[in-house]
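Trainee: Turn this into a structure:
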Amino acid sequence: MAAVDPARQLVERPPKPIYFIHVRKTAGSSFFRAFDGVGGIDHSHAPAWSLDLPADTFTVTILRDPVRRVLSYYRYLHWARANPDAVDLEPTIAAVVAESALLQGGPNYVSHQLRNWRTESAVKELGLGQFTRRLMVRGSDFGAFLGRVPPRKLLTQLWMFSRAFDPDEAAERVLECDAVLFTETYSEDLEALGATLGLKLEEKHQRRFQFEVEVDAPDRNRLRERLLPEYEMLERVRAGLDAKKSARPGLAAQP
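Mentor: Have a look, this model is predicted:
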């Protein structure tokens with residue numbers, strides 16, 4: 001009998017369907033691309049409490065440090081305003097540009113308008129793209145953004161798992177997932193998940209929406225205070241995963 005090639009075994013899809021509960025700005029795009037070579041994966045941004053999945057579905061999600069996630073989201077909105085035609089990087093760019101209305105406070109400059117202004121020296125020194133970004137950042141204060149952003153976009157991780165924004169309910173629902181990964185330990189968690197599923201998952205480079213935005217310490221502190229319920233949820237999730245670790249090794253990726 002011929003020997004079985006281990007690498008070949010790893011590219012077969014498991015019998016259970018896999019569904020990814022995709023929280024925005026947690027490396028989710030990189031995650032579902034890791035499944036490109038094994039037939040893909042079902043995923044959406046729909047909250048877990050709204051889903052009606054088959055009972056045998058293997059569910060996965062990724063969580064992230066709340067402050068880092070919101071700052072990433074904030075930069076993402078700025079990037080979209082500065083690059084409204086970047087469909088190659090973000091196929092839903094039009095929707096993200098519309099969402100960037102949360103920034104407000106500053107005009108939505110576009111490059112061709114700036115060329116008509118008397119800004120030749122600044123544009124020459126900085127480059128048109130960087131000059132546009134600086135104008136936009138000055139016109140959009142992070143504190144004002146915090147005052148406008150709705151709870152489901154600020155506390156997205158919490159809302160995705162509890163319609164009532166309840167940390168206990170959210171943590172309980174997260175722990176019902178078959179695997180929980182963390183952005184901060186993504187590479188290791190992806191490898192552990194591949195071993196659990198018997199799949200050869202290839203880590204793909206994450207899309208990077210480069211945009212520099214300064215957020216001062218007082219605003220970061222305000223942000224952290226607003227995100228305390230989400231930190232509470234994460235604390236409960238980590239405690240629950242630690243409790244499961246010895247009984248179900250590998251099913252829930254550990255930080």
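Trainee: Report the contact partners of Ser44.
Mentor: 21-22 (C-beta atoms under 8 Å, 6 or more residues apart in numbering). Glycine gets a C-beta too; all of them are placed from N, C-alpha and C.
Trainee: confidence score at it?
Mentor: Per-residue pLDDT puts Ser44 at 94.
Trainee: roughly how far apart are it and Gln104?
Mentor: From Ser44 over to Gln104 the distance is 28 Å, taken as C-beta to C-beta, to the nearest Å.
Trainee: burial of the closest residue in space to Val215 that isn't next to it in sequence, as a residue count?
Mentor: Leaving out its chain neighbours, the residue that sits closest to Val215 by C-beta to C-beta, 6 or more residues apart in numbering is Phe142, at 4.9 Å. Other residues near Phe142 come to 21 when the count uses other C-beta atoms under 10 Å.
Trainee: For Phe142, list the residues it contacts.
Mentor: 74, 213, 215-216, 219, 223.
Trainee: What about those, which are in helices?
Mentor: 74, 219, 223 (DSSP state H).
Trainee: out of those, which is most surrounded?
Mentor: Tyr74 (23 neighbours).
Trainee: wouldn't that one be in contact with Phe211 here?
Mentor: No - assessed by C-beta atoms under 8 Å, Tyr74 is found out of contact with Phe211, at 9.1 Å.
Trainee: pLDDT weak spots in the stretch 151-255 of the chain?
Mentor: In the predicted model of the stretch 151-255 of the chain, residues 205-210, 246-255 satisfy pLDDT under 70.
Trainee: That one: helices as residue ranges?
Mentor: 151-154, 156-161, 167-174, 186-197, 217-226, 228-245 (DSSP state H, counting those that start in this stretch).
Trainee: Output those as JSON lines; include the columns distance to Pro91.
Mentor: Shown next, in JSON lines, are the helices of the stretch 151-255 of the chain (distance: least, C-beta to C-beta, whole Å):
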{"stretch": "helix 151-154", "distance to Pro91": "20"}
{"stretch": "helix 156-161", "distance to Pro91": "20"}
{"stretch": "helix 167-174", "distance to Pro91": "28"}
{"stretch": "helix 186-197", "distance to Pro91": "22"}
{"stretch": "helix 217-226", "distance to Pro91": "29"}
{"stretch": "helix 228-245", "distance to Pro91": "28"}
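Trainee: Nearest approach to Thr57 belongs to which of the ones you listed?
Mentor: helix 186-197 (12.9 Å; C-beta to C-beta).
Trainee: Who are the packing partners of the closest one?
Mentor: For helix 186-197, the packing partners by 3 or more C-beta pairs under 8 Å, 6 or more residues apart in numbering; DSSP states H and E come out as helix 28-33, strand 58-63, strand 179-182.
Trainee: Export only the CA atoms of the shortest one, formatted as PDB.
Mentor: When you say that, I think you mean strand 179-182. What follows is the C-alpha trace of strand 179-182 in PDB, where atoms were taken according to Å, rounded to 0.1, in the frame of the first residue of the first chain:
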ATOM      1  CA  ALA A 179     -12.100  28.700  17.800                       C
ATOM      2  CA  VAL A 180     -11.100  32.100  19.000                       C
ATOM      3  CA  LEU A 181      -8.100  33.800  17.600                       C
ATOM      4  CA  PHE A 182      -6.400  37.100  18.600                       C
END
